[in-house]
Each structure stands twice: as structure tokens, then as C-alpha cells.
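1. the sequence isn't on hand, but the structure is:
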Ligand SMILES: Nc1ncnc2c1ncn2[C@@H]1O[C@H](COP(=O)(O)OP(=O)(O)OP(=O)(O)O)[C@@H](O)[C@H]1O
């Protein structure tokens with residue numbers, strides 16, 4: 001379900017990505033429209049993380065065009081508009097910082113590196129901590145938190161930047177229902193501000209009512225692009241031909257536990 005709008009938050013036009021000469025994404029066409037929450041589903045290794053890493057500028061594409069808000073990614077500089085929550089990683093536990101410090105680092109793009117924090121910065125940080133339910137733990141060291149709480153810190157960090165586009169890579173993997181509900185709440189509130197959300201997800205759970213559209217990846221191709229799939233539909237339907245494109249019905253979703261990706265504190269360094 002692509003839109004012709006070239007200024008949409010995310011537009012991929014015939015995008016291919018190869019890693020070490022091996023094709024990982026193949027001729028992907030995709031548009032994420034403004035204000036939509038889109039879930040990216042698909043089996044283990046189908047290319048979901050590769051796609052979001054391309055969209056967030058972490059991984060160069062080898063062919064095609066990636067546009068963010070109408071600008072080819074090579075020329076895109078307004079990174080403060082983009083928030084990214086990487087796959088959960090134990091690496092964050094080793095960061096010697098408090099919860100508030102990590103969340104505040106999400107404001108750097110908004111205020112500039114050496115500018116003093118403003119009232120708006122402090123409010124955004126407190127609000128983000130509140131939304132993920134960690135206001136009471138703001139002065140804790142990151143390593144004192146559980147894995148699910150650390151994931152919420154990363155989400156708060158992205159929320160503090162008040163992004164127009166938030167990209168999350170499996171934020172609910174291994175996260176209990178309480179944390180999943182907190183995340184759904186946070187995303188719902190972000191969505192109300194008009195933000196666009198692209199979410200790689202295995203567990204849809206409490207986020208289901210927020211979802212506008214689902215995309216299913218298979219072998220580096222888009223196998224389905226259409227109305228939201230329920231967890232059940234996504235796991236019981238099958239596209240025998242990987243090359244088949246959107247609008248033909250849902251695809252089988254046989255996700256296995258994810259491959260961890262490195263924790264990237266600053267994706268803007270590239
Ligand atoms: N840095 C890398 N070097 C080599 N191969 C890679 C690299 N990153 C990803 N791949 C390969 O690309 C393919 C797609 O991986 P990707 O992580 O994008 O899939 P995914 O759909 O996100 O999977 P998962 O659900 O397990 O996270 C896999 O076969 C993976 O092994």
C-alpha cells in the first residue's frame with residue numbers, strides 16, 4: 001500500500017542492501033505515511049533489522065533511493081526528527097550513567113551539544129521518564145535496572161527527543177506484559193502528537209489497537225503490505241512465492257528469537 005507522496009516520512013524506492021556481497025534486501029518499495037504506526041513483521045533473518053538500519057542511516061543501501069521526509073538520506077541532516085530504539089542489548093548495562101543522563105542524551109539533537117539545557121529540555125526528559133514509568137528511578141545507575149527497564153530507558157531516550165519519526169527494533173522482545181503495556185501507552189501518547197512510528201515487532205500484544213498497517217518481510221522482499229495483521233493471521237498465513245508483492249493477502253509469520261544488534265548510542269555518527 002504505497003503512497004505517491006514523495007515527502008512522506010519514509011519512502012524506499014527499489015532499495016537493495018548487500019552485506020559482504022550477499023544481497024539482504026532486494027528491490028524494496030515502501031512508503032510510511034505521516035502519522036501512521038506501521039509494524040514490520042517477518043521470520044527470523046528476513047531483513048527487518050536491515051531495513052530499519054537503512055532507514056536510520058546506520059547501514060548504507062547499495063541500490064535504489066531512501067528518502068526521509070522527502071530528502072534523499074545522503075542529503076538528510078535533520079536527524080533530530082528521527083528517534084531510534086535499537087534491539088535490546090546487554091551493552092547498555094555497561095554504560096556508567098544514570099537513567100536521567102541516558103534519557104537526557106536524547107535531547108542533544110534538539111538543543112545542540114554544548115548548549116545549556118533549557119526548561120523545555122528538562123520537561124521533555126521528565127515527561128519521557130514519566131511516560132515509561134521510570135520517574136522514580138531517574139537517579140538509578142542503568143546497570144541497577146532489569147533488562148525490561150533498560151529497554152524502557154532507551155525508549156524514553158528516543159521520546160525525549162520528541163521525534164517526528166520513531167523507529168523501534170523489537171522493543172518488546174523478551175519484555176513482560178507490564179512493560180509491553182507501558183510501551184503501548186508511550187507509543188499511543190507519541191502517536192497523538194502526530195508522530196509516525198515504524199516498529200519491528202514480534203509481540204504485538206497491547207500495541208494492536210494502535211497499528212495502522214502491517215508489512216511482512218520474507219527473504220529480503222516485502223511479502224505483504226496492507227491492513228494490520230493480527231498475531232494469529234500473521235502466523236498462520238503463507239506466501240509460497242517470496243517475490244509476490246503487496247495486497248495479495250497476509251504472509252506466514254514464523255518469527256524465531258531475534259539476532260541481537262549492537263547498541264548504538266549515536267546513530268548520527270556515520
Ligand atoms: N552485519 C551483518 N553481517 C553479515 N550478515 C548480516 C549482518 N546483518 C544481518 N545479516 C544477515 O542478513 C539477514 C537479515 O538479517 P536481519 O537482522 O535484517 O533480519 P531480521 O528479519 O531483523 O531478523 P531477526 O528477526 O532475527 O532480527 C540475515 O541472514 C543475517 O544473517
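-> That came in fine, so what should we check first? Since the structure is predicted, the reported quantities are computational estimates derived from the model, not experimental observations.
2. for the ligand, what are the nearby residues on the stretch 1-150 of the chain?
-> Residues of the stretch 1-150 of the chain found near the ligand (CB under 6 Å from any ligand atom) are 19, 20, 24, 42, 44, 45, 46, 47, 48, 49, 50. Just so you know, the C-beta spots here come from the backbone N, C-alpha and C atoms, and that holds for glycine as well.
3. Provide the backbone phi and psi angles at residue 221.
-> Backbone geometry at residue 221, expressed as degrees, to the nearest 10, gives phi -120, psi 160.
4. can you flag the buried ones in the residues of the stretch 1-150 of the chain next to the ligand?
-> 24, 42, 45, 46, 47, 48, 49, 50 (16 or more other CB atoms under 10 Å).
5. surely the second one meets residue 221?
-> I take that to be residue 42. No: look at residue 42 against residue 221 with CB atoms under 8 Å: they stay out of range, at 9.5 Å.
6. strands of the stretch 1-150 of the chain, start to end?
-> With strands called from DSSP state E, counting those that start in this stretch, the stretch 1-150 of the chain shows them at 10-19, 22-32, 37-41, 63-68, 71-72, 82-85.
7. any idea of the pLDDT on the nearest residue to residue 47 once chain neighbours are set aside?
-> Leaving out its chain neighbours, the residue that sits closest to residue 47 by CB to CB, 6 or more residues apart in numbering is residue 220, at 4.4 Å. Here the pLDDT value assigned to residue 220 is 94.
8. switch the buried ones among the residues of the stretch 1-150 of the chain next to the ligand over to a markdown table; also include distance to residue 121.
-> Shown next, in a markdown table, are these (distance: CB to CB, whole Å):
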| residue | distance to residue 121 |
| --- | --- |
| 24 | 38 |
| 42 | 37 |
| 45 | 40 |
| 46 | 39 |
| 47 | 36 |
| 48 | 33 |
| 49 | 31 |
| 50 | 33 |
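9. show me which pair in these is furthest apart.
-> 24 and 42 (12.6 Å; CB to CB).
10. tell me where the model's unsure across the stretch 51-200 of the chain.
-> Scanning the stretch 51-200 of the chain for pLDDT under 70 picks out 88-94, 109-117.
11. okay, helices next: where are they in it?
-> Ranges of helices within the stretch 51-200 of the chain are 99-105, 108-111, 119-131, 147-160, 177-192, based on DSSP state H, counting those that start in this stretch.
12. any chance of these in TSV, plus distance to residue 65?
-> Shown next, in TSV, are those (distance: least, CB to CB, whole Å):
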stretch	distance to residue 65
helix 99-105	31
helix 108-111	24
helix 119-131	32
helix 147-160	25
helix 177-192	27
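13. tell me the most buried of the ones you listed?
-> Greatest average neighbour count among the helices of the stretch 51-200 of the chain goes to helix 147-160 (a mean of 25), per mean count of other CB atoms under 10 Å.
14. who are the packing partners of that helix?
-> Packing partners of helix 147-160 (3 or more CB pairs under 8 Å, 6 or more residues apart in numbering; DSSP states H and E): strand 82-85, helix 99-105, helix 119-131, strand 165-169, helix 177-192.
15. just want the angle from that helix to strand 165-169.
-> If you take axes from the mean of the first three to the mean of the last three CA atoms, to 10 degrees, helix 147-160 sits at 160 degrees to strand 165-169.
16. what residues does helix 147-160 touch?
-> Under the contact criterion CB atoms under 8 Å, 6 or more residues apart in numbering, helix 147-160 has outside partners 83-86, 88, 90, 92-93, 99, 102-107, 124-125, 127-129, 131-134, 137, 142, 145, 166, 168, 171, 174-176, 179, 182-183, 186, 190.
17. how does it look with 6 Å?
-> Applying CB atoms under 6 Å, 6 or more residues apart in numbering, the external contacts of helix 147-160 come out as 83, 85, 88, 92, 99, 102-103, 106-107, 124-125, 128-129, 132, 134, 166, 175-176, 179.
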